[in-house]
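Participant: would you be able to build a 3D model of this:
(one chain, ligands or ions: 1)
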Amino acid sequence: MARLCLAIAALALIVVPGAARADNPVLTGDVGAGDAFVITLTGPGGTAVTHLDPGTYTLVVHDHSNLHDFHLFGPGVNVATDVTGTGDTTFTVMLTDGTYTYVCDPHATRMKGSFTVGTPPPPPPPPVTTPPSAAAKLAARVGPGAKIGVGGTAGLTAGKATITVADRSKTDNFHLAGPGVNRATGVAFRGTATWAVTLQAGRYTFRSDAHKTLHGAFTVAARATAAHATVTVGSAHNSSLGATILVSQAGMTLYEEKGSCTGTCVTTWPPLLLPKGAKPLAGSGVSQSKLGTVRRPDGRLQVTYAGLPLYRYSGDRKPGDTKGQAFGKQWYAVDTAGKPVTKSPGGGGYGYGGR
Ligand SMILES: [Cu+2]
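Facilitator: Numbers count the residues shown, from 1 in each chain. Predicted structure coming up:
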C-alpha cells in the first residue's frame, strides 16, 4: 500500500511541469480556415499580437488547411506546422527581445505578420552609400630641375582618374602614355594642367619628351569586381519532374511565383539577385534572349526568364532537390522554354502527392 502511494506521489510530481506549462500565457495561431489565405496570431485576450513581454509562452496553432502552414521564427525560436497536415499543434516558445515573424511558407508573399518582444534593438542605421567609383586623384609633377614623378598610383584600379600636372620646368614637359591615354604638356609650358582620363588595366609610362632620362611608370590593376560580373542560369534534367529545368550557378533548382515575394518571404524564397554591374548569362540549354531583369521594391535587380522572376527555395539542400515544387500551388520550377513545370515530384499531376 505504501509502495502504491509512493507511485501515485511520483506520478503527481511528473504532472507538475505540465501544470506549470499551462500557466504560461497562451498565444493562438490560426491559419487557413476554409482554405482561405488568412493567417493570424492572437494573444490571451483574443486580440492580435503586436508586442509581448519576454517570457515563456504556449503557442497553440490551429492549422485548418493542407495548403498552408504556420511558421513562427525570431530570436531563439523556429517552429512550424506541416503544410500538408491539418489539426492543432502546441509549442512552448521562449520569446526574448527582438522581432518575431509568423508566416505561411508557401504564401509568404501575402500571409505574414510580425510582432516585437521586450525592447527590440534599434533599427539598423541606413546603409552608407559610397559613390560607386570615385575618380582616382593623381598628382604629376615635372621640375624644377631634372625631376619627374606621379603620386597616388598605389593600388590604382581601372576607372576614371583626374590627373593634376604641375609643370614647373620651361625645358621639360610631362607626357603620359598607356592604354587609352596619350597626353602631354608643352615643353616650354610652365603651370598646372588638369586631365580627366579613363585608366585601363595595364602599364602607363610618363616621361619628358625633351630629356629621355627623365621617365617613370606605374601599373593599373583590373577592377576587383570583374570576377563577379556575371550570374549564370544553367539547366539540368530533373528526373523527379521529368523535365529539363533552370538551375542556379550552384546547380540549385530555380522557381517562379506569380506574386511578388518581398519582406520575410525572401527568407524562404531567396530571389536570384544580380550584383551591381553584373549581367545574367545563359548556361548550356538556356536561351540568352529569354534572360532579363526586374527591379525589386528594394531597388536590387532580380534575374527573370521569359519574364518570370526566379527564386531559390531555402528547403532545397543540394542540386536536384525540388522540395519547393508546387508549394502551395504557387511555386514552380521553370523549364528551358520558360514555362512553369506543373508536375509534382513523385505525383502525376497538380498539387501534392497526386491529390
Ligand atoms: Cu499558405
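Participant: drop to CA atoms for contacts and neighbour counts, all remaining ones
Facilitator: Will do.
Participant: who does the helix or strand containing Pro280 pair up with?
Facilitator: Assigned by DSSP states H and E, Pro280 falls within strand 279-282. The strands beside strand 279-282 in its sheet (DSSP bridges) come out as strand 230-238 (parallel).
Participant: beyond the strand it pairs with, next helix or strand please.
Facilitator: Next element after strand 230-238 (DSSP H and E): strand 243-247.
Participant: roughly how far is that following strand from the heart of the chain?
Facilitator: Relative to its chain's centre, strand 243-247 lies at 22 Å (Cα atoms, centre = their mean, to the nearest Å).
Participant: tell me what that strand is packed against?
Facilitator: strand 230-238 (3 or more Cα pairs under 8 Å, 6 or more residues apart in numbering; DSSP states H and E).
Participant: what residues does this protein have near the ion?
Facilitator: His68, Cys104, His107 (Cα under 5 Å from the ion).
Participant: what is the neighbour count of the second one?
Facilitator: Residues within reach of Cys104, counting by other Cα atoms under 10 Å, total 28.
Participant: show residues contacting the strand holding Pro280.
Facilitator: Ala229, Thr230, Val231, Thr232, Val233, Gly234, Leu274, Gln288, Leu291, Gly292, Val303 (Cα atoms under 8 Å, 6 or more residues apart in numbering).
Participant: who wins for neighbours among the residues you listed?
Facilitator: Val233 (28 neighbours).
Participant: burial of the residue of the stretch 51-200 of the chain found nearest the ion, as a residue count?
Facilitator: The ion sits closest to His68 of the stretch 51-200 of the chain, with a gap of 3.6 Å, by Cα to the ion. Using other Cα under 10 Å, His68 has 31 other residues around it.
Participant: that one contacts Phe327, correct?
Facilitator: No - when contacts are counted by Cα atoms under 8 Å, His68 is not listed as touching Phe327 (9.1 Å).
Participant: any residues in contact with both of those two?
Facilitator: By Cα under 8 Å, 6+ apart, the residues touching both His68 and Phe327 are Pro106.
Participant: show me where pLDDT drops low in the protein?
Facilitator: 1-22, 120-133, 224-229, 345-355 (pLDDT under 70).
Participant: need the contact list for Asp316.
Facilitator: Asp316 neighbours (Cα under 8 Å, 6+ apart): Met252, Thr253, Thr322, Lys323, Gly324.
Participant: so what's the residue count around Lys339?
Facilitator: Lys339 has 15 nearby residues by other Cα under 10 Å.
Participant: could you measure from it over to the ion?
Facilitator: Distance, Lys339 to the ion, by Cα to the ion, to the nearest Å: 23 Å.
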